[in-house]
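> have a look at this prediction, sequence included:
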Amino acid sequence: MELKFQNDCNDIDWELVPEILKEAGMSFHNAAIHRQVFSESASVVFVFDEQQLIGFGRAISDGVVQAAIYDVAVLPSWQGQGVGKQIIQKIVASLPGCNFILYASPGKEPFYEKLNFRRMKTGMALFVKADIMTNRGLTE
């Protein structure tokens, strides 16, 4: 397996991004929104098998102290092969010295725990669609 990692937004088929998020069971928006949020992120990682986009992730950050990881998704057929782990490792390495936070989809916490992420005791959120986030089990 020879994967190609890309750390910029050049030549991305943005229509595939929401499709991969959907297949991975994650929330998604239209392609234009994903193009905007990835383009304005401090760190992006896209993973390809040959020319096929199979996964990605991004982080927003001040570049010095704090960063937040979002949209880490891998096609289900590629999950369990270390692709997600490599995405996280590349994001973390691109922002040395930063503390990282992230949202984990319910049930995915053990994946992040293996990468040394720990549950927060004081995390708080203010969501635009709070009822949806409560129904998905992300908030009380």
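Received the coordinates, thanks. Numbering: from 1, shown residues only.

> I'd say residue 134 and residue 125 touch.
No: using C-beta atoms under 8 Å, residue 134 makes no contact with residue 125, being 10.3 Å away. The C-beta positions use only the backbone N, C-alpha and C, and glycine is treated the same way.

> what is residue 44 paired to in the beta sheet?
residue 58 (DSSP bridges).

> how much space between residue 83 and residue 123?
26 Å (C-beta to C-beta, to the nearest Å).

> those two: which has the busier surroundings?
Ranked by neighbour count (other C-beta atoms under 10 Å), residue 83 and residue 123 place residue 83 first, with 23 against 9.

> quick revisit: so for residue 134 and residue 125, which residue has more residues nearby?
Neighbours per residue (other C-beta under 10 Å) separate residue 134 from residue 125, with residue 134 holding more: 12 against 9.

> OK, contacts around the more buried one?
The contact partners of residue 134, by C-beta atoms under 8 Å, 6 or more residues apart in numbering, come to residue 140.
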